[in-house]
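Q: sequence plus predicted model, see below.
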Amino acid sequence: GRSTGMAPSVAWRALRSVASRASSTLRTGVGSLTVPAVLVRRRYTPVLLHLRSRPMTSAAASNPDWPEFECRASPAPGSPFHVAFPVHDLDAARAFYGGILGCEEGRTSERWLDFSLHGHQIVAHFVGADYRCQDYVNPVDKDEVPVPHYGLQLSVDQWHALVARLRAHGVSFVIEPHLRFKGMPGEQWTCFFKDPSNNNLEFKAMTHPDLLFAKYNVAHG
């Protein structure tokens with residue numbers, strides 16, 4: 001890349017200063033509403049991305065034939081989950097997952113798109129313009145739950161922020177946001193909605209997060 005004319009230590013301190021200011025802008029850019037970064041579409045591009053991160057990583061330095069790239073999101077701690085799902089239109093998928101849910105985009109091709117959903121890897125695969133997810137339903141706590149579906153376990157504050165964001169974007173709910181399994185170990189906030197290809201998503205928040213896998217029998221229906 002082009003030389004900055006500064007010593008490496010000076011240049012690095014300057015970049016860290018700029019990146020810190022950009023990060024503060026993100027934290028204050030949503031006002032008093034606390035929203036997780038995955039649910040906020042970032043309105044800035046850190047200067048570090050313009051300079052490309054490739055030469056600053058040992059892996060890239062060891063692989064000089066790699067294409068230039070930028071990392072817009074970090075993997076979730078532990079073992080990030082991966083799911084691939086079919087869509088009928090990649091532009092519609094990008095507008096929904098990137099524009100509405102605020103997922104950062106990763107690798108892309110003419111047939112699929114990578115997204116970071118809170119650090120987990122989800123991939124939209126184009127399978128044909130006629131595709132729409134076929135719904136099946138199963139009763140859960142008096143709701144007709146559509147299957148298949150997937151989503152995230154959020155904190156209660158994150159969940160309410162997401163619901164507010166979805167409402168602001170005019171997203172229709174298949175199952176309206178509400179609290180289910182009230183008074184039980186599995187008490188949780190939940191909501192269901194669809195992407196443009198009719199795929200179902202559920203986002204929930206446990207009242208008691210440490211009881212996510214509490215084992216007990218739940219009454220049918």
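A: Thanks, I have the structure now.
Q: ok, the closest residue to residue 199 other than its chain neighbours - contacts?
A: Nearest residue to residue 199, sequence neighbours excluded (C-beta to C-beta, 6 or more residues apart in numbering): residue 133, at 4.6 Å. The way it works is simple: take the backbone N, C-alpha and C, and place the C-beta from them, glycine included. Residue 133 is in contact with 86, 148, 194, 197, 198, 199, 200, counting by C-beta atoms under 8 Å, 6 or more residues apart in numbering.
Q: which of the residues you listed has the most neighbours?
A: With neighbours taken as other C-beta atoms under 10 Å, the top of these is residue 199, carrying 23 neighbours.
Q: and it, how far from residue 139?
A: In this view, residue 199 and residue 139 are 21 Å apart by C-beta to C-beta, to the nearest Å.
Q: and what of residue 147?
A: Taken as C-beta to C-beta, the span from residue 147 to residue 139 is 11 Å.
Q: what does the model give the nearest residue to residue 187 once chain neighbours are set aside for pLDDT?
A: The spatially closest residue to residue 187, leaving aside those adjacent along the chain, is residue 207, at 4.2 Å (C-beta to C-beta, 6+ apart). pLDDT, residue 207: 97.
Q: I figured residue 207 hits residue 190, correct?
A: No - counting by C-beta atoms under 8 Å, residue 207 stays clear of residue 190, with 11.2 Å between them.
Q: what is in contact with those two at once?
A: Shared contacts of residue 207 and residue 190 (C-beta under 8 Å, 6+ apart): residue 179.
Q: and for the residue nearest to residue 187, the neighbour number?
A: 16.
Q: which residues does it contact?
A: The contact partners of residue 207, by C-beta under 8 Å, 6+ apart, come to 156, 179, 187, 188, 189.
Q: most surrounded residue in those?
A: residue 188 (22 neighbours).
Q: residue contacts, it?
A: 179, 180, 181, 204, 205, 206, 207.
Q: CSV for these, including secondary structure and distance to residue 102?
A: Listed next are the contacts of residue 188 as CSV, based on DSSP: H, G, I helix; E, B strand; the rest coil; distance: C-beta to C-beta, whole Å:
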residue, secondary structure, distance to residue 102
179, strand, 25
180, strand, 26
181, coil, 28
204, strand, 18
205, strand, 17
206, strand, 22
207, coil, 25
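Q: which of the residues you listed are buried, as a PyMOL select command?
A: Of the contacts of residue 188, the buried ones can be selected in PyMOL as follows, counting by 16 or more other C-beta atoms under 10 Å:
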select buried, resi 180+204+205+206+207
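Q: biggest separation within the contacts of residue 188, which pair?
A: 181 and 205 (12.2 Å; C-beta to C-beta).
Q: can you give me the helices for the chain?
A: Per DSSP state H, the chain carries helices over the ranges 8-28, 47-50, 58-61, 90-93, 156-168.
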